[in-house]
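S.K.: sequence below, structure please.
(chains A and B)
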Amino acid sequence: MDAVTDQYAIRVSDLVVGFGHRVVINNLSLDVIRGEILGLVGASGGGKSVLMRTIIGLIPKMAGRIEVMGWDADTAGGLNGHFGAPKWGILFQQGALFSSLTARQNVQFPLRENLSLSQSLMDEIADAKLEMVGLSPDDGDKLPSELSGGMTKRVALARALALDPAIVFLDEPTSGLDPIAAGDFDALIKTLQKTLGLTVFMVTHDLASLKTVCDRVAALADGEIVAIGSMDDLLHSEHPWVKAYFHGKRSLMLHKKPD
Amino acid sequence: MSSAPLLNAAIVGDTLELRPTGSWTVLNADLLESLFNGVAPQLASAKRLRVDFAGIREIDTIGAWLLEKMSRGAEQAGHPVAVTGIDERHAELIEDVRNVNRGKRAARPRPNPVLARLEQAGRTAFSAVGEVAIFLQMLGAVGWALAGTLRRPRSLRLTSLVYQTWRIGWQAIPIMVLITFLIGAIIAQQGIFHFRKFGAESYVVDMVGILVLREIGVLIVAIMVAGRSGSACTAELGSMKMREEIDALSTMGLDPVEVLILPRIVALVIALPILAFLGSMAALYGGGLIAWLYGGMSPAIFIARLHEAVSVTHFQVGMIKAPFMALVIGIIACSEGLKVQGSAESLGRQTTTSVVKSIFLVIVLDGLFAVFFASIGM
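M.R.: Residues are numbered from 1 along each chain as shown, chains lettered A, B, ... in the order given. So this is what the prediction gives:
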């Protein structure tokens, strides 16, 4: 593996995605550096989730190149066939937990499907993962319908991390959580990213999590990346949409000096 | 990138020295577990333990947990454990894993199997009573909603009612007609075949006529409707329940029974008699066709004999049953739909229950009607 592929976890170049005649993503290029937390912002319905779902192979692209950990998405079988759970973990917006399995079985699912381990070891690993995301082993016996929104997200994160993947995709991880829970979740992502050395690709609207956890932020507008860089770079960006986003009423807290 | 994991175990004096090397990651998980199992007996007998992490190139949660499990086992047995050589990159993860699974999981009490079986039987019997209550409750709710609609006819959901009738009735016509046509034909064929032995072939018309008009026409159609439309009702209401749509309706001051359930049940009550009528006609047509082609009885004779054999009473008996069967199917389908809980599995279970229960009740109802009509001499 050469130095370039080593440096980047995800490389997207000249990507075009559309549905019918409507082009949602137009000639988009984006690189995600290994070991960083990249936050992706954009207008609602502006194609953030489409971009994420295209990278993970759920939506077909019309043109362009997607490379994940040095693998080209066009190679036979697509990326899901190549790696699936051992290489990446995905946290869907609604959690997407399997509703007929308990929380523990949900976390064990990737282990059970990809490895041949004894049941006791899988139980221990699932409990360890649940504990790492801040749940107690007793929560593991609950069914997804018995979990609160925050717990669902935590279990979904534990499942995404079950096989210690190198890349984690998070689709609005803090949406629907109260500020305390959202803050906890941000801290959790940061800790896990540091301990496990993850690359995190995060679609979010949460200004606080952008500021506190993201190493870099990319802004998606009109189907392309209009600004990318650290939070400070984006705050000084001249692009009208980025300006409106980071200088709106709700963004005032970003500019306050910490006391 | 990844190199095979190894575990060197050496006994120095009374100390067991463990030197894990290579990649202790999920990619080698199967191998790691066998390595762990390999040293387990030595771990149990060792008095002191030293774990040297220096040879580890990569480690993740699984590897860290297995190594932690080794030292934890020794710790809990009261033996001194020394851990050395942890790479800075891995320190945080190893430290994290050191703290997990410390709490004891509350042991779940294992119930006595005999008692558990008894308890289950008791609960089933108890829930059977509950089922009757739910049925009556739904019947009452629908009756109440119907009364409200009759008082204020403007509150009737006409669009919904027409749409449901179109779906349950109109769209079902081809399949219902086809199936009853085939059933009528099969009955006639079997009748001709067996009656021929006694030279009583002409009585096939009586058999087909009475059987179809009194029983088969309505019964087959009701069973088909239970499978086709009852299951759809359950699944629709169930997924609405799962997505909190029914709660949303209630909070807007609307009665879900009036908005969702009444149109479906009324549509069933309208559609089933029509379908039963069409089905009976198709079955008679099928029977007549077979009598002509297979039994050599011309259509004119078939119709003339049919005219003698059946009376309007037979037709009435069949038709009177239809709306009651529709009501039972509708109430079962809707109350099962509302019982759906959060999971996809429960949606499937409730849909199955709905179909099985409504077919069962349709047949029971048919039997009760048979007794009733016999006693009043119809």
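
S.K.: tell me who's in contact with residue A:51.
M.R.: A:12, A:15, A:17, A:25, A:28, A:30, A:40, A:203, A:220 (Cβ atoms under 8 Å, 6 or more residues apart in numbering or on different chains). C-beta: built from backbone N, CA, C; applies to glycine.

S.K.: now with 7 Å?
M.R.: A:25, A:28, A:40, A:220 (Cβ atoms under 7 Å, 6 or more residues apart in numbering or on different chains).

S.K.: can you list contacts of stretch B:126-143?
M.R.: So stretch B:126-143 is contacted by B:257, B:261, B:262, B:265, B:331, B:334, B:335 (Cβ under 7 Å, 6+ apart).

S.K.: now flag whichever of the residues you listed is closest to chain A.
M.R.: residue B:335 (19.9 Å; Cβ to the nearest Cβ).

S.K.: what about the closest one, how many neighbours?
M.R.: When neighbours are counted by other Cβ atoms under 10 Å in any protein chain shown, residue B:335 registers 23.

S.K.: thinking again about what came up before, export the contacts of residue A:51 as JSON lines, with columns for secondary structure.
M.R.: As requested, those are exported to JSON lines (DSSP: H, G, I helix; E, B strand; the rest coil):
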{"residue": "A:25", "secondary structure": "strand"}
{"residue": "A:28", "secondary structure": "strand"}
{"residue": "A:40", "secondary structure": "strand"}
{"residue": "A:220", "secondary structure": "strand"}
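
S.K.: out of these, who's nearest chain B?
M.R.: Nearest to chain B among the contacts of residue A:51: residue A:40, at 26.1 Å, using Cβ to the nearest Cβ.

S.K.: can you name the residues that contact that closest one?
M.R.: Neighbouring residues of residue A:40 by Cβ under 7 Å, 6+ apart: A:48, A:51, A:202, A:203, A:218, A:220.

S.K.: check which helix or strand covers the fifth one.
M.R.: This means residue A:218. In the assignment (DSSP states H and E), residue A:218 maps to strand A:216-221.

S.K.: show me what the helix or strand just after that strand is packed against.
M.R.: Counting by DSSP H and E, the next helix or strand C-terminal to strand A:216-221 is strand A:224-229. Using 3 or more Cβ pairs under 7 Å, 6 or more residues apart in numbering or on different chains; DSSP states H and E, the elements in contact with strand A:224-229 are strand A:22-33, strand A:216-221, helix A:240-246.

S.K.: if we go to 6 Å?
M.R.: Judged by 3 or more Cβ pairs under 6 Å, 6 or more residues apart in numbering or on different chains; DSSP states H and E, strand A:224-229 is in contact with strand A:22-33, strand A:216-221.

S.K.: give me the sheet partners of that strand and which way each runs.
M.R.: strand A:216-221 (antiparallel) (DSSP bridges).

S.K.: in chain A, what helix or strand scores lowest on average pLDDT?
M.R.: When each helix and strand of chain A is scored by mean pLDDT, DSSP states H and E, helix A:78-82 comes last, with a mean of 56.

S.K.: residue ranges in the chain under the pLDDT threshold?
M.R.: Because you didn't say which chain, this covers chain A. Where chain A drops to pLDDT under 70, the residues are A:1-5, A:73-86, A:251-259.

S.K.: the intended chain is chain B.
M.R.: Low-confidence segments of chain B, defined by pLDDT under 70: B:1-2, B:103-108.

S.K.: what residue of it is the furthest out?
M.R.: residue B:13 (64.0 Å; Cα atoms, centre = their mean).

S.K.: for that one, give me phi and psi.
M.R.: phi 60, psi -120 (degrees, to the nearest 10).

S.K.: gap between it and residue B:42?
M.R.: 14 Å (Cβ to Cβ, to the nearest Å).

S.K.: element containing residue B:21, please.
M.R.: Counting by DSSP H and E, the element that carries residue B:21 is strand B:15-24.

S.K.: which residues does that strand contact?
M.R.: Residues from elsewhere that reach strand B:15-24 (Cβ atoms under 6 Å, 6 or more residues apart in numbering or on different chains): B:2-10, B:42, B:46, B:48-52, B:55-59, B:63.

S.K.: which positions in chain B make contact with chain A?
M.R.: B:26, B:29-30, B:33, B:60-62, B:65, B:92-93, B:96, B:100-101, B:105, B:341-345 (Cβ under 6 Å from any Cβ of the partner chain).

S.K.: so which residue of chain B comes closest to chain A?
M.R.: Taking Cβ to the nearest Cβ, chain B has residue B:342 as its residue nearest chain A, at 2.5 Å.

S.K.: was I right about that residue contacting residue A:145?
M.R.: Yes. Using Cβ atoms under 6 Å, residue B:342 is in contact with residue A:145, at 2.5 Å.

S.K.: report all helices and strands that the helix or strand where residue B:175 lies contacts.
M.R.: Per DSSP H and E: residue B:175 is located in helix B:173-195. Helices and strands touching helix B:173-195, by 3+ Cβ pairs under 6 Å, 6+ apart, are helix B:204-211, helix B:217-225, helix B:262-293.

S.K.: just how off-centre is stretch A:28-37 within its chain?
M.R.: The chain centroid and the centroid of stretch A:28-37 are separated by 12 Å under Cα atoms, centre = their mean, to the nearest Å.

S.K.: count the neighbours of whichever residue of chain A sits closest to chain B for me.
M.R.: Using Cβ to the nearest Cβ, residue A:145 is the residue of chain A that sits closest to chain B, at 2.5 Å. Close neighbours of residue A:145, defined as other Cβ under 10 Å, add up to 14.

S.K.: same check on residue A:144?
M.R.: Other residues close to residue A:144 by other Cβ under 10 Å number 22.

S.K.: ok, now which ones touch residue A:54?
M.R.: Counting by Cβ under 6 Å, 6+ apart, the residues that residue A:54 touches are A:17, A:61.

S.K.: circling back: mind putting the helices and strands packed on helix B:173-195 in JSON lines, distance to residue A:225 included?
M.R.: Formatted as JSON lines, the helices and strands packed on helix B:173-195 follow (distance: least, Cβ to Cβ, whole Å):
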{"stretch": "helix B:204-211", "distance to residue A:225": "74"}
{"stretch": "helix B:217-225", "distance to residue A:225": "56"}
{"stretch": "helix B:262-293", "distance to residue A:225": "50"}
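
S.K.: return the most buried member of these.
M.R.: Of the helices and strands packed on helix B:173-195, the one with the most neighbours on average (mean count of other Cβ atoms under 10 Å in any protein chain shown) is helix B:217-225, at a mean of 26.

S.K.: list the contacts of the very next helix or strand once past that one.
M.R.: Downstream of helix B:217-225, the first helix or strand assigned by DSSP H and E is helix B:231-242. Contacts to helix B:231-242, defined as Cβ under 6 Å, 6+ apart, come from residues B:246, B:264, B:333-334, B:336-338, B:340, B:347, B:350-351, B:354-355.

S.K.: so how far is helix B:231-242 off the chain centroid?
M.R.: On Cα atoms, centre = their mean, the centre of helix B:231-242 falls 11 Å from that of its chain.

S.K.: buried residues in the next helix or strand after it?
M.R.: Along the chain past helix B:231-242, the next helix or strand (assigned with DSSP H and E) turns out to be helix B:245-251. The neighbour-count check on helix B:245-251 (16 or more other Cβ atoms under 10 Å in any protein chain shown) flags B:246, B:249 as buried.

S.K.: and for stretch B:174-194?
M.R.: B:176-177, B:179-181, B:183-185, B:187-189, B:191-192.

S.K.: could you do stretch B:128-142 as well?
M.R.: B:134, B:135, B:138, B:139, B:141, B:142.

S.K.: so which of these are in helices?
M.R.: Of the positions in those, B:134, B:135, B:138, B:139, B:141, B:142 sit in helices, assigned by DSSP state H.

S.K.: which non-adjacent residue is nearest residue A:219?
M.R.: Spatial nearest neighbour of residue A:219, excluding adjacent residues (Cβ to Cβ, 6 or more residues apart in numbering or on different chains): residue A:227 at 4.5 Å.
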